[in-house]
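[1] Dropping a prediction and its sequence here:
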Amino acid sequence: MASLTFYGGIREIGGNQILLEDADTRIFLDFGMSFSQKNAFYDEFLQPRTNACLRDQLKLGFIPDLDGLYRQDLIKIEGIDKSTKEYKCPEYWSCDIKSYKDYVKEKGKPFIDCVLLTHAHADHFQYISFLDPEIPVYCSPETKVMLKAIQDVSKSSIEQEICTVKERGLTTTGESSFFPNETKISTVATQERDIVAKKPLEEFKVGSLKITPIPVDHSVPGAYAFYIKTKDKKILYTGDLRFHGRLKERSEQFTEFLKNNPVDVLLVEGTRIEKESKDDEFQVEADIKSMIEKSPGLVIIDFGWKDTTRFETIQKVAEETGRMLVVNPKLAYLLHYLSKELPDHFKPIESYDNVRCYVKRRENMTYADGDCKKFKHNAGYILDWDKKLMKTDEDYKTSLITHLRNGVKAYEIRKNPGNYIIMLSFFDMNELFDIEPPEGSKYICAHCEPFNDEMLSDQNKLKQWLDKFNLLETSEQDLDHFHASGHASRNEIKELVEQINPKIIYPIHTLKPDEFLKFHKNVIWDIKLGEKYEI
């Protein structure tokens, strides 16, 4: 008999970690970070300890305390006992669980067969970094590209080792160091994680399970729901989805698939289960256009760099209002590699007449090429800088520093602010010193409203910046929010449930699971973390 065990995503938004077992097959449905858990313990100046991150977060309950999942180098590094025996605290450097590799040695087969990853949001994928890289991760082609882009443009840390794992081991310091021949932990090898891109609607097998990935509309590209057939049950895991974005054909495709494929067990997200109103991305486009047409000065707009749908909306508005859209280099980097892998669906920013990349002053603050060496995506699309090629290959050098040569700098915006829409977030507010937005400029928030204390704190700080640079009429003014959520409304979820008519519902990714009882009689809403539910 198949079963479900929920280790995250219950009575919270995100943090999905769901174990599905059927006969000898085990898979995880997503393996994400819980923002609410993380923020309850950590903040900007208190972060998990690098070489103890797995052990610490196991003790905090952020990830399942299960044998056979995790990387050996994060559980116990070979030889660490010998080098630390004088401290008589072996538990400092090891976990009381078996690594993936040790489990395979003992049992002759892995504990876990794969992870089904619905999309590239951290609350669904982040803790994959702790898993052994030999565990296959199945996702869409877009999600695979996005995972690499996210790792490429992020600060280096264990939690960002999604695609490429840096295996840690014991090394010794050199003779010229302050403390020669001292043991230390550092990277000794790298390994690519087994991330497998699956085509939409093509069924594949994992052990006893037959799995079909179904494209759905969400606020990042490449989101999948998964239809899973056990021997006697048919399960639908929605991941995150909506029915009001630009990708109407995906919603129609999803609905059409479900007409011909019955569902016994529905695992459905309920982020907006209390919201009656149905969002509309095209209304967002119309509202932002109207706002920009009334703004003679610079327009500053904030939206997530992974939200390519929102980029498409803003790009169209910029085109229709005769403005240049200046974007974050992270977005440019993502679109560059999405367009290489999926040219029929994505275009690089260079293919748009009205889109360019923003170039910040960094390091020496002189716009020097070398100022981007710490975060090379700010310069262009090549992260592996090669001195010899830079001198001998003009095409290589052009791609290396394409943003620095073709991007837009603050002083250019200052000359003609009414010609631009610039993408800036709270974390870019230092740019206002160089841009100096004139009277008549506007700030537009095109992402979700704050839903936790940290986001509220950031918004309050943001308002201080906007007020200081005269981007608010009064310091008490609410921000102009124009956003279509990446999540379905109550009525949309109700329509989905009525169409599917499942035998049983497990609400996930929601603060109000009991709301589902109002339109379905058989809802397991009081789910206990770590408890097995036979289906």
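    Received it, and whenever you're ready, just let me know what you need.
[2] and residue 86, how many neighbours?
    6 (other CB atoms under 10 Å). Using the backbone N, CA and C atoms, a C-beta is placed for each residue, glycine as well.
[3] what about it, distance to residue 439?
    As judged by CB to CB, to the nearest Å, residue 86 and residue 439 stand 68 Å apart.
[4] for residue 362, same thing?
    From residue 362 to residue 439 the distance is 29 Å (CB to CB).
[5] So if I had to pick from those two, which one is more boxed in?
    Remark: of residue 362 and residue 439, residue 362 carries more neighbours, 17 against 7, as counted by other CB under 10 Å.
[6] Can you name the residues that contact residue 377?
    Contact analysis of residue 377 by CB atoms under 8 Å, 6 or more residues apart in numbering lists 152, 153, 329, 330, 333, 383.
[7] and which of these is nearest to residue 196?
    If you rank the contacts of residue 377 by distance to residue 196 using CB to CB, residue 152 comes first, at 19.6 Å.
[8] sec struct for the closest one, please.
    helix (DSSP: H, G, I helix; E, B strand; the rest coil).
[9] likewise the one 10 residues further on?
    Per three-state DSSP, the secondary structure class of residue 162 is coil.
[10] That one: neighbouring residues, count only.
    25.
[11] And it, its phi and psi?
    With angles defined as degrees, to the nearest 10, residue 162 sits at phi -90, psi -50.
[12] ok, now how distant is it from residue 130?
    Applying CB to CB to residue 162 and residue 130 gives a distance of 10 Å.
[13] same check, this time on residue 44
    On the measure of CB to CB, residue 44 and residue 130 end up 22 Å apart.
[14] Looking at these two, which one has more neighbours?
    residue 130 (22 against 6).
[15] so the more buried one touches residue 70, yeah?
    Yes: at 5.4 Å, residue 130 counts as touching residue 70 under the criterion of CB atoms under 8 Å.
[16] Now do the shared contacts for these two.
    Contacts common to residue 130 and residue 70, judged by CB under 8 Å, 6+ apart, are residue 54.
[17] ok, then the element right after the lowest-mean-pLDDT helix or strand in the chain?
    Least confident helix or strand of the chain, by mean pLDDT, DSSP states H and E, is strand 480-481 with a mean of 76. Counting by DSSP states H and E, the element after strand 480-481 in chain order, helix or strand, is helix 490-500.
[18] Name the residues of the top helix by length along the chain that are buried.
    Ranked by residue count under DSSP state H, the longest helix found in the chain is helix 453-468. Within helix 453-468, the residues scored as buried using 16 or more other CB atoms under 10 Å are 462, 463, 465, 466.
[19] quick revisit: just the buried ones from the contacts of residue 377, in PyMOL syntax?
    Selecting only the buried entries of these in PyMOL, with 16+ other CB under 10 Å as the criterion:
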select buried, resi 152+153+329+330+333
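[20] any chance you could map the strands in the stretch 101-250 of the chain?
    Under the criterion DSSP state E, counting those that start in this stretch, the stretch 101-250 of the chain contains strands at 114-116, 137-139, 164-172, 183-192, 195-197, 204-206, 209-215, 224-229, 234-237.
[21] Compare the ones you listed and give me the one nearest residue 258.
    strand 234-237 (7.5 Å).
[22] can you pull the pLDDT of the spatially closest residue to residue 200 that is not a sequence neighbour?
    Leaving aside its chain neighbours, residue 200 sits nearest to residue 215 (4.6 Å; criterion: CB to CB, 6 or more residues apart in numbering). Residue 215 carries a pLDDT value of 97.
[23] give the contact list for residue 309.
    219, 221, 245, 246, 247, 281.
[24] mind running it again at 10 Å?
    Residue 309 is in contact with 217-221, 242, 245-247, 281, 284, 303, 484, 486, counting by CB atoms under 10 Å, 6 or more residues apart in numbering.
[25] would you turn those into a markdown table with neighbour count and distance to residue 232?
    Converted to a markdown table, these look like this (neighbours: other CB atoms under 10 Å; distance: CB to CB, whole Å):
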| residue | neighbour count | distance to residue 232 |
| --- | --- | --- |
| 217 | 25 | 31 |
| 218 | 28 | 30 |
| 219 | 25 | 35 |
| 220 | 21 | 34 |
| 221 | 26 | 35 |
| 242 | 27 | 31 |
| 245 | 24 | 35 |
| 246 | 18 | 39 |
| 247 | 19 | 34 |
| 281 | 21 | 40 |
| 284 | 24 | 44 |
| 303 | 26 | 45 |
| 484 | 23 | 39 |
| 486 | 27 | 34 |
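[26] and these as CSV, adding distance to residue 389?
    Formatted as CSV, the contacts of residue 309 follow (distance: CB to CB, whole Å):
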residue, distance to residue 389
217, 41
218, 39
219, 38
220, 33
221, 31
242, 44
245, 41
246, 39
247, 39
281, 42
284, 43
303, 35
484, 44
486, 40
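[27] Any idea how far stretch 351-368 is from the middle of the chain?
    Centroid separation between stretch 351-368 and its chain, computed with CA atoms, centre = their mean, to the nearest Å, is 24 Å.
[28] now do stretch 202-209
    26 Å.
[29] Quick one: mean pLDDT for that stretch?
    On average, stretch 202-209 scores 98.
[30] Which residue ranges make up each domain of this protein?
    3-46+106-157+196-273+488-534, 281-481 (automatic domain parsing).
[31] Which of those domains has the lowest mean pLDDT?
    Of all these, domain 281-481 has the smallest average pLDDT, which comes to a mean of 91.
[32] got the end-to-end distance for that domain?
    13 Å (CA to CA, to the nearest Å).
[33] Then stretch 52-64?
    Across stretch 52-64, first to last residue, CA to CA, it's 16 Å.
[34] what does stretch 262-274 give?
    OK, stretch 262-274 end separation, CA to CA: 27 Å.
[35] Could you measure from the closest residue to residue 468 other than its chain neighbours over to residue 288?
    Nearest residue to residue 468, sequence neighbours excluded (CB to CB, 6+ apart): residue 432, at 8.0 Å. Separation of residue 432 from residue 288 (CB to CB): 21 Å.
[36] and residue 50, how many neighbours does it have?
    11.
[37] Tell me which residues touch it, please.
    157, 158, 159, 168, 185.
[38] swap in residue 344?
    With CB under 10 Å, 6+ apart, residue 344 has no contacts at all.
[39] can you check residue 46 too?
    So residue 46 contacts nothing (CB under 10 Å, 6+ apart).
[40] Any figure for the gap between the residue nearest the centre of the chain and residue 157?
    Closest residue to the average C-alpha location of the chain: residue 121 at 2.6 Å, with CA atoms, centre = their mean. Using CB to CB, residue 121 is found at 18 Å from residue 157.
[41] on that earlier part again, for ChimeraX, what selects the buried ones among the contacts of residue 50?
    For the buried members of the contacts of residue 50, the matching ChimeraX selection, counting by 16+ other CB under 10 Å, is:
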select :158,159,168,185
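[42] Got phi/psi on the residue nearest to residue 468?
    For residue 432, the backbone dihedrals are phi -60, psi -30 (criterion: degrees, to the nearest 10).
[43] what separates it from residue 409, distance-wise?
    For residue 432, the distance to residue 409 - CB to CB - is 14 Å.
[44] What is the burial count for residue 363?
    That count, for residue 363 with other CB under 10 Å as the rule, works out to 11.
[45] quick revisit: now render the strands of the stretch 101-250 of the chain as CSV, adding distance to residue 310.
    CSV is the format used below for the strands of the stretch 101-250 of the chain (distance: least, CB to CB, whole Å):
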stretch, distance to residue 310
strand 114-116, 26
strand 137-139, 21
strand 164-172, 28
strand 183-192, 31
strand 195-197, 24
strand 204-206, 31
strand 209-215, 18
strand 224-229, 20
strand 234-237, 25
